[in-house]
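> need a 3D model of the sequence below.
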Amino acid sequence: MLSFFHEHQLMFYLLAFSILLGIEVISKVPAVLHTPLMSGANAIHGVVLVGAIIVLVQARANDYVSLAVGFVAVVFGTLNVVGGFAVTDRMLEMFKKKKK
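Residues are numbered from 1 along each chain as shown. Coordinates of the predicted model:
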């Protein structure tokens, strides 16, 4: 197990750097841009969901760990896409003129 971390040490550093960079970039986004960025992020998550489905379909039938992780990825990806579009829709509703 320790050899896995040692072999992929650069990937773990890259992941940590990406997380820190993402937090820093997102914290600097003005409130006006959140709706367009949410729509773009939802489109990207849709691609991630398709990728998770492809990986799940290609997993072997007796590989329960891969099937379980793939299933969880598909469920979370679906929740993320649907929830993101629901939030974006609610935000866009705030900008519409109210009927009298």
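> use CA for all of it now, contacts and neighbours both
Noted.
> neighbours of Tyr64, how many?
11 (other C-alpha atoms under 10 Å).
> for the residue positioned nearest the centre of the chain, give me the pLDDT.
For the chain, the residue nearest the mean C-alpha position is His45 (5.0 Å; C-alpha atoms, centre = their mean). pLDDT, His45: 78.
> name the element it belongs to?
helix 34-58 (DSSP states H and E).
> how far away from the center of its chain is the worst-scoring helix or strand of the chain on mean pLDDT?
Least confident helix or strand of the chain, by mean pLDDT, DSSP states H and E, is helix 34-58 with a mean of 80. From the chain centre to the centre of helix 34-58 is a distance of 6 Å (C-alpha atoms, centre = their mean, to the nearest Å).
> what do you get for stretch 56-67?
Its chain's C-alpha centre and that of stretch 56-67 lie 21 Å apart, by C-alpha atoms, centre = their mean.
> again with stretch 17-30
The chain centre lies 15 Å from the centre of stretch 17-30; the measure is C-alpha atoms, centre = their mean.
> pLDDT of that stretch, averaged?
Averaged across stretch 17-30, pLDDT comes to 87.
> which helix of this structure spans the most residues?
Taking DSSP state H as the criterion, the chain has its longest helix at helix 64-94.
> quick check: mean pLDDT of that one?
So the average pLDDT for helix 64-94 ends up being 84.
> report all helices and strands that it contacts.
Contacts defined by 3 or more C-alpha pairs under 8 Å, 6 or more residues apart in numbering; DSSP states H and E place helix 64-94 against helix 34-58.
> what residues does the helix it packs on touch?
With contact meaning C-alpha atoms under 8 Å, 6 or more residues apart in numbering, helix 34-58 is reached by 66-67, 70-71, 73-74, 77-78, 80-81, 84-85, 88, 91-92.
> and that helix with helix 64-94, angle?
On the basis of axes from the mean of the first three to the mean of the last three C-alpha atoms, to 10 degrees, helix 34-58 is oriented at 160 degrees to helix 64-94.
> check which helix or strand covers Lys98.
Assigned by DSSP H and E, Lys98 belongs to no helix or strand.
> residues contacting it?
With C-alpha under 8 Å, 6+ apart, Lys98 has no contacts at all.
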